[in-house]
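Novice: Dropping the sequence and predicted coords here.
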Protein chains: 2
Amino acid sequence: MVRRRRRKVATIKDVAERAGVSTATVSYVLNGTGSVTAATRQRVLQVVAELEYQPNHAARSMRSRSRTLGLILPYGAAELSTPTLAELVAGLTEAAANHGYYLLLAGDPGKSERLVATSLARTGRVDGFVLLDLQVDDERSADLTAAGILHVGVGAPASGNACPGLSFDLTGGALMATRSLRTLGHRRIALINLPSELTDSDLLYQGFAKALTETGEEVAPSFIVEAGTSQDDGLAAMQELLAQPEGPTAVLAASDELAFGAMHALRDAGIEVGRDVALIGCGDVPLAAHTHPPLTTLRAPRRALGAALAHTLIALVEQQPLPSFTPLPLQLIVRKTTCPLPE
Amino acid sequence: MVRRRRRKVATIKDVAERAGVSTATVSYVLNGTGSVTAATRQRVLQVVAELEYQPNHAARSMRSRSRTLGLILPYGAAELSTPTLAELVAGLTEAAANHGYYLLLAGDPGKSERLVATSLARTGRVDGFVLLDLQVDDERSADLTAAGILHVGVGAPASGNACPGLSFDLTGGALMATRSLRTLGHRRIALINLPSELTDSDLLYQGFAKALTETGEEVAPSFIVEAGTSQDDGLAAMQELLAQPEGPTAVLAASDELAFGAMHALRDAGIEVGRDVALIGCGDVPLAAHTHPPLTTLRAPRRALGAALAHTLIALVEQQPLPSFTPLPLQLIVRKTTCPLPE
DNA sequence: ACCGAGCACTTAACCGATTAACTAGATTAT
DNA sequence: ATAATCTAGTTAATCGGTTAAGTGCTCGGT
């Protein structure tokens, strides 16, 4: 059987030979280090172009870094299909590309996240990791820190975590959303929040609470429901709120997913969203614009967050000063699930 | 400023020294090559465990391959958020992991897909690529083949493409779906198909046509609409069908996305899906179970396809015989959008 | 008793880059 | 005029593995 051999690509030696210089000179030209006359530089670059030379990545990363960022997919990776994660990944990938980095996906259901991460880092395959859904006292972060592995997390830089944490300005967003509900006349406002393990959940709570206390009101504990992350969790949470003697007239949900669940619960209870009860979600996933009625929600710049994560992690890897990061602002997209307080 | 130096990891030299052997012996033990006594093997493995030694990836891939598969994200990468792609990626990642491979994501909006791919391959960063949405006479495949870069595509192995193409058994699926519509009494059945550039579109058409011709009927050209891939495209296609003097009583859509659009169009036209008109989608994305009414659709094993792609590409890379591939069967999930022909 | 083969290793070349150390020639300083 | 410095390169060490070639040693065959 004739099997075509893999094509041989040009090496730095080929370039050096053809340009009549040493490999060191070629390297100097390509990296802008050393001192080279304009004429020599020209000649080398000419040959590089002719041979379409590109330095071998393995050889390069032996001397320095691998210019690769790692991302561990959550169990089952079904969550990759959530627009939230998908756009984040897109932002990561693009921003990384701008710095000559690439994104390595890992997600071995057999091994633990920790094992995969340390293996990837110890073998020099990746320079650092992005941790999704940063938690309070995150074990993963502690593990990586202990192993000397650089990483950044998606979420608030919380106590117990030594890594930089980047997130949206959920506090500002929640404040804005809750204020807008108050402006519409609502006074019995509930919050369906994320699990309290997630660092993001407190951010949201702070904004929500501030909007109430700034007008001298108290936060009713029964109106704060800690839910999971799924649509079903949102449904359950809403049912819990409706079961109370005096239920809320407005609800802020910590994610669109939760809001969708809440919409289901309301519909099942015969309550019309956007007329009887106001509802605001968070995230603005594509589907939010196409529910019935379309969901009022806080738009989150997911792609920008991905880019910010990439920048921060790369700065960490290259030992440059970390770029200053201000939580990315959310934008209130008013659709049809918000309404003035019914008289 | 005190900045902790990166932790030094054990090298093969450390292992060799500690075990009192040469590095070659360590390498032989770890790779199962060469001949080593049981005692020596024991000792080496012992030390490997003690030092938690893992071979440096860069050094390794200089002599062989990089054990990395490349995937180029579609423009803007918004499509990653489609469950279809997300699950495929998950399947790819997992199956790759089982062979010691990882998935490298690329998606540089600045450079062309071709440029990124050749660069990644020439620098030895990846061993091969997965091409999404394989097209008839796919330019990308031609480019990669010309550059001697291994790759597999998602789609039918079509004319003009030298690479293996893996897909679902869309022909069988369309046949099954269309037959089921006939069994329900429908005779005026339409097909909203994918763009004809996609190799998958013909597969679907073949099954659809067979279901009609096998009972001696003719395929009405006006009932075959070539649409795009978006929900809006599905909407437009359905409107086109409805505009005909005698519209279809049943519709097969080539994707759930298209089916959702068709549902919108039907609803807008005051036609009740699942009573007046039957509709079958393809893919069974999670949302399909939650539309009103829930969508009858062909369930596609996306994760399995991802795994098959990984296996095939890795076999290609390692010059092993390609695993035989039978198109992955679809399963008809009957929900509420199908109905007998109204009398 | 001697040769060849096989075993269990070691030695060293090699993969393709980066970079510290060196060198020859030109320029500047004293 | 001569030493010191600078420029534009080269040579060679190095990163951490893999692997072809080499080296004693034991064993079997004749």
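Specialist: Yep, that arrived.
Novice: Run through the residues that contact the spatially closest residue to residue A:200 that is not a sequence neighbour.
Specialist: Sequence neighbours aside, residue A:155 is the residue nearest to residue A:200 in space, at 5.2 Å (criterion: CB to CB, 6 or more residues apart in numbering or on different chains). The way it works is simple: take the backbone N, C-alpha and C, and place the C-beta from them, glycine included. Contact analysis of residue A:155 by CB atoms under 8 Å, 6 or more residues apart in numbering or on different chains lists A:133-135, A:165-167, A:198-200.
Novice: now do 7 Å
Specialist: Contact partners of residue A:155, counting by CB atoms under 7 Å, 6 or more residues apart in numbering or on different chains, are A:133-134, A:165, A:167, A:198-200.
Novice: Distance of it relative to residue A:327?
Specialist: In this view, residue A:155 and residue A:327 are 11 Å apart by CB to CB, to the nearest Å.
Novice: so what's residue A:26 up against?
Specialist: So residue A:26 contacts A:12, A:15-16, A:19, A:44 (CB under 7 Å, 6+ apart).
Novice: What number of neighbouring residues does residue A:154 come out with?
Specialist: Around residue A:154 sit 24 other residues, with neighbours defined as other CB atoms under 10 Å in any protein chain shown.
Novice: Show the pLDDT at the residue in the stretch 101-250 of chain A that DNA strand C sits nearest to.
Specialist: Nearest residue of the stretch 101-250 of chain A to DNA strand C: residue A:124, at 12.3 Å (CB to the nearest atom of the strand). The model reports residue A:124 with a pLDDT of 96.
Novice: which strands and helices sit next to the least confident helix or strand in chain A by mean pLDDT?
Specialist: The helix or strand of chain A with the lowest confidence, counting by mean pLDDT, DSSP states H and E, is helix A:83-98 at a mean of 89. In terms of contacts (3 or more CB pairs under 7 Å, 6 or more residues apart in numbering or on different chains; DSSP states H and E), helix A:83-98 is packed against strand A:68-72, strand A:102-106, helix A:302-317.
Novice: buried residues in it?
Specialist: Using 16 or more other CB atoms under 10 Å in any protein chain shown as the test for burial, helix A:83-98 gives A:83-97.
Novice: What's the first helix or strand after the helix or strand hosting residue A:225?
Specialist: Residue A:225 is located in strand A:224-226, with elements delineated by DSSP states H and E. Under the assignment DSSP H and E, the closest C-terminal helix or strand after strand A:224-226 is helix A:231-242.
Novice: gap between that following helix and the chain center?
Specialist: 26 Å (CA atoms, centre = their mean, to the nearest Å).
Novice: same thing with stretch A:106-119?
Specialist: 20 Å.
Novice: how about it, does it reach chain B?
Specialist: Yes. Applying CB under 7 Å from any CB of the partner chain, one finds stretch A:106-119 in contact with chain B at A:106-109, A:119.
Novice: Could you tell me the angle between the least confident helix or strand of chain A and helix B:83-98?
Specialist: Between helix A:83-98 and helix B:83-98, the angle comes out at 60 degrees (axes from the mean of the first three to the mean of the last three CA atoms, to 10 degrees).
Novice: Doesn't residue A:252 belong to a strand?
Specialist: Yes. Under DSSP: H, G, I helix; E, B strand; the rest coil, residue A:252 sits within a strand.
Novice: so who does it touch?
Specialist: A:174, A:177-178, A:189, A:191, A:208, A:280.
Novice: repeat for residue A:210
Specialist: Neighbour list for residue A:210: residue A:175 [criterion: CB under 7 Å, 6+ apart].
Novice: again, 8 Å this time
Specialist: The neighbourhood of residue A:210, defined by CB under 8 Å, 6+ apart, consists of A:171, A:175.
Novice: where does it land on pLDDT?
Specialist: pLDDT for residue A:210: 98.
Novice: Output the below-cut-off pLDDT ranges for the stretch 1-150 of chain A.
Specialist: A:1-7, A:75-81 (pLDDT under 70).
Novice: how about the residues of it near DNA strand C?
Specialist: Neighbours of DNA strand C within the stretch 1-150 of chain A, by CB under 7 Å from any atom of the strand: A:11-13, A:23-24, A:27-28, A:30-31, A:33-34, A:54-56, A:59-60, A:62-64.
Novice: Among these, which lie within helices?
Specialist: A:12-13, A:23-24, A:27-28, A:30-31, A:59-60, A:62-63 (DSSP state H).
Novice: Excluding residues flanking it in the chain, which one is nearest the residue in the stretch 201-343 of chain A that DNA strand C sits nearest to?
Specialist: In the stretch 201-343 of chain A, the residue that lies nearest DNA strand C is residue A:318 (12.5 Å; CB to the nearest atom of the strand). Excluding the flanking residues, the one nearest residue A:318 by CB to CB, 6+ apart is residue A:65, at 7.8 Å.
Novice: okay but that neighbour is in contact with residue A:317, surely?
Specialist: Yes. Residue A:65 is within contact range of residue A:317, at 6.2 Å (criterion: CB atoms under 8 Å).
Novice: what's the overlap in contacts for those two?
Specialist: residue A:127.
Novice: quick one, strands of chain A?
Specialist: A:68-72, A:102-106, A:128-131, A:151-154, A:165-166, A:189-193, A:224-226, A:250-253, A:278-283, A:296-299, A:331-333 (DSSP state E).
Novice: Now do the longest one: distance to the chain's middle.
Specialist: Spelled out, it's strand A:278-283. Distance of strand A:278-283 from its chain centroid, counting by CA atoms, centre = their mean, is 20 Å.
Novice: again with the first one
Specialist: Taking the mean of its C-alpha atoms, strand A:68-72 sits 13 Å from the chain's own mean (CA atoms, centre = their mean).
Novice: Residue A:160 contacts residue A:135, doesn't it?
Specialist: No. Using CB under 8 Å, residue A:160 is not in contact with residue A:135, being 9.1 Å away.
Novice: on that earlier part again, between the buried residues of helix A:83-98, which sits nearest DNA strand D?
Specialist: Closest to DNA strand D, out of all of these and judged by CB to the nearest atom of the strand, is residue A:96, at 24.0 Å.
Novice: tell me which parts of the stretch 151-300 of chain A are close to chain B?
Specialist: A:286-287 (CB under 8 Å from any CB of the partner chain).
Novice: Taking the stretch 151-300 of chain A, what residue is nearest to DNA strand D?
Specialist: With CB to the nearest atom of the strand, the shortest gap between the stretch 151-300 of chain A and DNA strand D falls at residue A:151, namely 21.5 Å.
Novice: That residue - nearest residue in space that isn't next to it in sequence?
Specialist: residue A:129 (4.2 Å).
Novice: residues contacting the closest residue to residue A:34 other than its chain neighbours?
Specialist: Spatial nearest neighbour of residue A:34, excluding adjacent residues (CB to CB, 6+ apart): residue A:28 at 3.2 Å. Shown in contact with residue A:28 (CB under 8 Å, 6+ apart): A:34-36.
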